[in-house]
Every structure is written in structure tokens, then in C-alpha cells.
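[1] Here is my input, please return the structure:
(one chain, ligands or ions: 2)
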Amino acid sequence: MSQAVPILSPLAGSTPSGVPPRGQPLLETRGITKRYGQVEALRGADFSVYPGEVVALLGDNGAGKSTLVKVITGTITPDEGEVYFEGKAVQMRSPLDARDLGIETVFQDLALVPDMDPAGNLFLGREVLRPGLMGRLGMLDRKAMHERTVEAFGRLGVKIQDTQAKVIGMSGGQRQGVAIARAMVWASKMVLMDEPTAALGVVQARNVNDLILRVKDSGVAVVLVSHNMQHVFEVADRIEILRLGKRVAQFHKAQTSIEEVVLAMTGLGAGVAA
Ligand SMILES: Nc1ncnc2c1ncn2[C@@H]1O[C@H](COP(=O)(O)OP(=O)(O)O)[C@@H](O)[C@H]1O
Ligand SMILES: [Mg+2]
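    Numbers count the residues shown, from 1 in each chain. Ligands and ions are numbered 1, 2, ... in the order given. Prediction:
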């Protein structure tokens, strides 16, 4: 059985577990703390994502995964700690800041506008205006946005027949497809997905895995939060584990097992601080 990489040991450089140097992380959090009244959702959380990798962020319910995702995407501001992007400290004051860095998110609740069609959702806040005077008057180029949506669905393998139907009438899997496609279309560096397969059946979950691999192929890093170990082990390159608001272990997928990861999540396995 392999060893978890010790806490505080950066993956860059040689480590006792023989992890090869990885260079500079694309994104790194250091010592993130977030309190909600008496509850400490994060207690000095470290986390790292390397360019173009799929990293799974795992932990038991309440470990702080969603809170960390929200910090990274500028949805909430931490009480303490820093976020580094491409080696530089960054202040994420809103999701727009994350967006500007090329970071997109598929939130647990998807955050779609039910009354709009897929194109409306894909281009929400980034609408394409018509050329010329019409555009200057604020007229939207719905045709262009629809065409680009259909093209994106084709490229990403999202199977939605009626691309002009409202999202409200779509199945869970189709909605998921729209939310993931939106993130993928705009992300130039990184996509975060918080429990993307929680509400999906087996076939749909497999489709999400295919989408994740397509994103990775395009050179964009993916952060995957999931309870589904099978799912994680199919797509992740690396696994980082949060427990009680702190990173307690990191593994390379090829050097670990579901059993070892579950032990680390529950606090009973190797590599876990007492
Ligand atoms: N807005 C909030 N208000 C109060 N407590 C919160 C809030 N968000 C998260 N928490 C608490 O912080 C802890 C971590 O939550 P969360 O990040 O959602 O965990 P996970 O996604 O790993 O299940 C939990 O105890 C949760 O109840
Ligand atoms: Mg969560």
C-alpha cells in the first residue's frame, strides 16, 4: 500500500512517497479559515491544482468541500488564508474575479435560469450583441448565441435535442449538461464541479466523466467534488482529502486505492494527522 503524501509537503519537489516534481500549481490555497458563527467550516485548508490535471477534492459530509469551492470561486471571502493563482496572491471578491482568471464553476445547485433556453443560460451575463447599430442599441444576437450553443453541445457531446426549449422542462441530466457546457465554454484555465453526478443515473454520470476528460484534453484543469468513488477513480489524476476543514492527505490516483482514500476521509487511515 502506498503512503499518503505528508501534510505540508508540497508536491513540487521530491517527497518521501516519490512524487515527481510538478512545477508550479495553477491554483493553491494556503491556510484558509472560514467561520459561520460558532461553526468553523474551514480550519486552515490547503489545496492545490496543477495545470491541466483532474483533481478530486474529497471528504465526508461537512468536511468543508463546498465552502472551499466557494472561496476559490470568489463566492465567499475567507476569514484567513491566501489564494494563489499562477504563483501570485489573488483576492477573489466575486465570481467575476474568478471568471476573469479563466475559472468557471458548476455549483451543486447548477445555478441555471429555469425560464431560459440553453443559449440564454450559456450566455448569461456575456450576451452577444448584434453587429452595428442594433448592437449599440443593446439588441441581442440570439441567432449567434444559439448557433454557438449548438456547436458547443456537439463538441462536448451534450445530447439535447431541442436546444430552444426552456431549461425548466429538461431532465436532471440535461440540466447538468447545460451547466457543465456553460462552465466548459468559458473556462480557459480551470473548471470546478461540486457533486456533478449526485443527482444522476449511471449512464448520465458516465457522460459527465466523458465531459470531464474532454475538458482535460483541452488543457483545462478540473476540480471534482464527488461522493462517488468509482466516478473519482475513473477520471482523477490526483486526490486531495479534507477532513474537519483541513487537508489531511494527498494521493496520486495510480498509487492509491478506494479503501485507502476512504480511510483517510474518515480519519482512520495512513497519512492522517492525529
Ligand atoms: N452558510 C453557512 N452557514 C452556516 N454554516 C455553514 C454554512 N455553509 C457551510 N456551513 C457549515 O460548514 C461546514 C462545512 O460545510 P460544507 O462546506 O458545505 O461541507 P461539504 O461540502 O464538505 O459537505 C458544515 O458544518 C456546514 O454545516
Ligand atoms: Mg458540499
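[2] list the helices and strands the host helix or strand of Val69 packs on?
    If you go by DSSP states H and E, Val69 is part of helix 65-72. When contacts are defined as 3 or more Cβ pairs under 8 Å, 6 or more residues apart in numbering; DSSP states H and E, helix 65-72 packs onto strand 27-36, strand 39-49, strand 54-58, strand 190-194, strand 221-225. To be clear about C-beta, it is placed using only N, CA and C from the backbone, and glycine gets the same treatment.
[3] buried residues in the second one?
    Of the residues in strand 39-49, those buried under the neighbour-count criterion (16 or more other Cβ atoms under 10 Å) are 40-43, 45-49.
[4] Which neighbouring elements make contact with that strand?
    strand 27-36, strand 54-58, helix 65-72, strand 80-85, strand 238-243, strand 246-252.
[5] Would you reformat these as CSV and include distance to Ala152, mean neighbour count and mean pLDDT?
    Shown next, in CSV, are the helices and strands packed on strand 39-49 (distance: least, Cβ to Cβ, whole Å; neighbours: other Cβ atoms under 10 Å; pLDDT from 0 to 100):
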stretch, distance to Ala152, mean neighbour count, mean pLDDT
strand 27-36, 24, 18, 98
strand 54-58, 20, 25, 97
helix 65-72, 23, 24, 96
strand 80-85, 25, 17, 97
strand 238-243, 27, 25, 96
strand 246-252, 32, 23, 96
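[6] Ok, which of those comes nearest Val220?
    Among these, the nearest to Val220 by Cβ to Cβ is strand 54-58 (9.9 Å).
[7] that older thread, may I see the helices and strands packed on helix 65-72 organised as a markdown table, with distance to ligand 2 added?
    A markdown table is the format used below for these (distance: least, Cβ to the ion, whole Å):
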| stretch | distance to ligand 2 |
| --- | --- |
| strand 27-36 | 13 |
| strand 39-49 | 10 |
| strand 54-58 | 10 |
| strand 190-194 | 6 |
| strand 221-225 | 6 |
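[8] Perfect, I'm done here.
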